[in-house]
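K.L.:
just the structure for this:
(chains A and B, ligands or ions: 1)
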Amino acid sequence: MTLLYTEVEEELRASVRDLLADRCGPDAVLKRIESDAPYDMDLWKTLAHQIGVAGLLVPEEYGGAGATAREVAVVLEELGRAVAPVPFLTSAVLATKALLEVGEEDLVRELASGDVTAALAVPLSASPYRPLPETVTVGEDGTLSGQVRAVAGADVADVLLVPVGAELYRVAAEHARVEVVPSLDLTRPIATVTFAGAPATALGRFDARRVLAFGAGLLASEQLGVAEWCLDTTLAYIKERHQFARPIGSFQAIKHRMADLWLDVVRARAAARNAADLLAASSAPASDPPAPSGASGGAGADAELAAAVAAAWCSEATLHVAEESVQLHGGIGMTWEHPVHLYLKRAKAAQIALGAPGAHEDAVAELADLPGPV
Amino acid sequence: MTGDDVASLAREFLAAHDPGDRLEFLRARFDAGLAWVHFPEGLGGLGLPRELQLVVERELAGTPQLDTGVQGIGLGMAAPTILAFGTEEQKKRFLRPLWTGEEIWCQLFSEPGAGSDLATLATRAVRDGDEWVVDGQKVWTSGAHHSRWAILVARTDPDVPKHRGMTYFVCDMHAPGVEVRPLRQITGEAEFNEVFLTGVRLGDDLRLGEIGDGWRVAQMTLMNERVAIGGAPVRRGGGMMGVVTETWRSRPELRTHDLHRRLLRLWVESEVTRLAGTRLREQLSAGQPGPEGSGMKLAFASINQALSGLDVELRAEEGLEYDDWSFRRSESVDFFGRGPGYRYLRAKGNSIEGGTSEILRNIVAERVLGLPSEPRVDKDVPWKDLPR
Ligand SMILES: Cc1cc2nc3c(=O)[nH]c(=O)nc-3n(C[C@H](O)[C@H](O)[C@H](O)COP(=O)(O)OP(=O)(O)OC[C@H]3O[C@@H](n4cnc5c(N)ncnc54)[C@H](O)[C@@H]3O)c2cc1C
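P.N.:
Got it, this is the predicted structure:
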């Protein structure tokens, strides 16, 4: 195991970053969020076809890249850095992981190609550690009825994966009503999804905790990318902006805050890398057992703890960096024109996504044996 | 050489040497190159990557260990500085007894008038033939009462700006004119001292580095100091956290919701800091500590203070007691052999010793983030003309 990036990971990063620099600069993103197609599906197809990001988690025998959570994390860092409006987290991470868990090979194959996109029909705020809200029911004829709020990536999904009880169902998007609502996070809009007797196929038993915790542990890497952009951009700004005949970055009140933000980000990187590494190890096929980890709970429990730690830390740290970033930009930070608001909105929405920090801390209490008051 | 090779070397060494005789065992270990494998051959090492030391430590876990409390300054600061700037004779003379603990080291840097602004120091060293005559006063000198040697920075040229006129020495703590007086600390005991230097004569062979180059040499020491304080590898949930969680687990009646929340936050912060330290060590395993080490020390100080404070609060009645206020010389810095009150008070020093947290934030901001320094009034002024 290593907390550093491998050469292969750096190459993957470079190709994603190049493409995003070309196609997904701040101006392009600002334009897109006000268009009627806030998700950039052309960019998504290019990412999938040219770089193969849609199939990273998918084994080679199903047409994927056979990569691991480590590579996924690197792509998420870059997508976070660009607040790229593409359904990578929702389709290639959450939906793909859910399908791999239930062993649904055909759809996995289609998702890996990037030609078909799926979304897990759960609120983006769903916590891995609590039962999902039971707002959808199965009728006697096997159809689904009900409503799920705050589903990310739903309006660009061809297929919706709907957990009902312990079972995962598949519904074609045209059988659901998907209503995009004005969203706090402009670059990952959410929708209300309504089923009214929608034809559905049962796919098998679904372990929501495992899938959502996997997602939360990797979301930490996306948050890291958001934090890095905010830190870098703010740093450049305070070196350049002069007041009182000095760069504002020479004032100690600002330097000390920047030092603290940097330290938060350094630790966010270590936490996110550790989660990605252990999630990769714990998802490895049985024929290729992960290295012994030393902890009593084995690789699975270690990975879950690492994911909870990364999710708790990176959520708070990233939000803090984004909030400070707005403040240190002064008036320009409050404008629509400057992209920093996109990062603040992403950071705030991501803080709530897949379990708020407190939920992950509660998981730490359970996993690290730190019980609460009796 | 691979990890396996090093492991078998260590095992062969263990088979051939009796750990029963502590000092002889440590001396032989040094001579076998198993003291610090990243040091050169002949100087306690094998010229190997730093991380292979962990292999040696694992193999020799049950054998006599160093006293890292008392030897901390020697091992963490004097040794890397001597290695980088010492002559061959100096390395041969000092490193072996430093490592075995036969000779203890202290650090004569801070002065009453020069703390954060170390470069303003006033202790003078004046050349006299083959010798230097040192006069001045140092303060906050941890462990001076145990020490055989000290690393010392003194002013050798008052006519140039402050950073340029200093020279770095090894000070003989047994030389005539060296007087060590205990200073009582907030913990009750005296771990640090004031040290008066009056006409102390040091041979020129005790100079480390060039004349006037003392600031650069001192940077090496300070960088290593921060790594030594902040970069110590700990297990997940170990160190100060381990002390608190032991009480937490064994005494459920003390738990409250508020303490639980704060404990969990600190647990997460300790864990991500530990991981960042691990990651930093991976990055540095080949090279030298950079200014990033300052960041680890910052985090360590704040976590240690928060945790030791939480520990006192958690223990309630017991937290109101204190184990021992008597004024005595400390044997070592031992957080774990003392009560929660001692830990709480001693941890206050963590954000002062080795560079205050404010100064470390300056260092991160300027050397890591490249932010401009504050306008300076003292930069090009000869030291003797500075206002004081
Ligand atoms: C337990 C302990 C052990 C020690 N051991 C040793 C030792 O063995 N050898 C040795 O040489 N020294 C030792 N020291 C001394 C230590 O290095 C100094 O105390 C430290 O560098 C601060 O210097 P000062 O005490 O003069 O405080 P000052 O420098 O006067 O600082 C006072 C306050 O002002 C702040 N401040 C100063 N300058 C700035 C600035 N530019 N910007 C913002 N804030 C600033 C500081 O952060 C601090 O809060 C030890 C200290 C302690 C507490």
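K.L.:
switch to C-alpha atoms for all contacts and neighbour counts from now on
P.N.:
Fine.
K.L.:
give me the number of residues near residue B:47?
P.N.:
If you count neighbours by other Cα atoms under 10 Å in any protein chain shown, residue B:47 ends up with 16.
K.L.:
can you tell me the helix or strand for it?
P.N.:
Under DSSP states H and E, no helix or strand contains residue B:47.
K.L.:
for it, give me the pLDDT.
P.N.:
pLDDT, residue B:47: 95.
K.L.:
how about the helices in the stretch 101-250 of chain A?
P.N.:
With DSSP state H, counting those that start in this stretch as the criterion, the stretch 101-250 of chain A has helices at A:105-113, A:208-240.
K.L.:
does the last one come close to chain B?
P.N.:
Yes. Using Cα under 8 Å from any Cα of the partner chain, helix A:208-240 reaches chain B at A:235, A:239.
K.L.:
list the buried ones in stretch A:237-252?
P.N.:
Neighbour-count burial for stretch A:237-252, counted by 16 or more other Cα atoms under 10 Å in any protein chain shown, picks out A:237, A:238, A:239, A:247, A:248, A:249, A:250, A:251, A:252.
K.L.:
check stretch A:4-19 too.
P.N.:
Buried, per 16+ other Cα under 10 Å, within stretch A:4-19: A:4, A:9, A:12, A:13, A:15, A:16, A:17, A:19.
K.L.:
what helix or strand is the residue of the stretch 251-388 of chain B found nearest the ligand on?
P.N.:
Residue nearest to the ligand within the stretch 251-388 of chain B (Cα to the nearest ligand atom): residue B:353, separated by 3.9 Å. Residue B:353 is part of no helix or strand when elements are defined by DSSP H and E.
K.L.:
is it possible to export the buried residues of stretch A:237-252 to JSON lines including pLDDT?
P.N.:
Listed next are the buried residues of stretch A:237-252 as JSON lines, based on pLDDT from 0 to 100:
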{"residue": "A:237", "pLDDT": "98"}
{"residue": "A:238", "pLDDT": "98"}
{"residue": "A:239", "pLDDT": "98"}
{"residue": "A:247", "pLDDT": "97"}
{"residue": "A:248", "pLDDT": "98"}
{"residue": "A:249", "pLDDT": "98"}
{"residue": "A:250", "pLDDT": "97"}
{"residue": "A:251", "pLDDT": "97"}
{"residue": "A:252", "pLDDT": "97"}
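K.L.:
deepest-packed of the helices of the stretch 101-250 of chain A, please.
P.N.:
Across the helices of the stretch 101-250 of chain A, averaging neighbours per residue (mean count of other Cα atoms under 10 Å in any protein chain shown) puts helix A:208-240 on top, at a mean of 24.
K.L.:
chain center to that one: distance?
P.N.:
Computed by Cα atoms, centre = their mean, to the nearest Å, the chain-centroid distance of helix A:208-240 equals 9 Å.
K.L.:
kindly report the same for stretch B:86-99.
P.N.:
Centre-to-centre, stretch B:86-99 and its host chain are 18 Å apart (Cα atoms, centre = their mean).
K.L.:
report the buried residues of it.
P.N.:
In stretch B:86-99, counting by 16+ other Cα under 10 Å, buried: B:86, B:87, B:90, B:91, B:94, B:95, B:96, B:97, B:98, B:99.
K.L.:
avg pLDDT for it?
P.N.:
Mean per-residue pLDDT for stretch B:86-99: 98.
K.L.:
apart from its neighbours in sequence, what residue is nearest residue 172?
P.N.:
Just so you know, I chose chain A. By the measure of Cα to Cα, 6 or more residues apart in numbering or on different chains, the closest residue to residue A:172 outside its immediate chain neighbours is residue A:159, 4.7 Å from it.
K.L.:
oops, I was thinking of chain B
P.N.:
Excluding its sequence neighbours, the residue lying closest to residue B:172 (Cα to Cα, 6+ apart) is residue B:149, at 5.0 Å.
K.L.:
buried set for stretch A:76-91?
P.N.:
The neighbour-count check on stretch A:76-91 (16+ other Cα under 10 Å) flags A:76-91 as buried.
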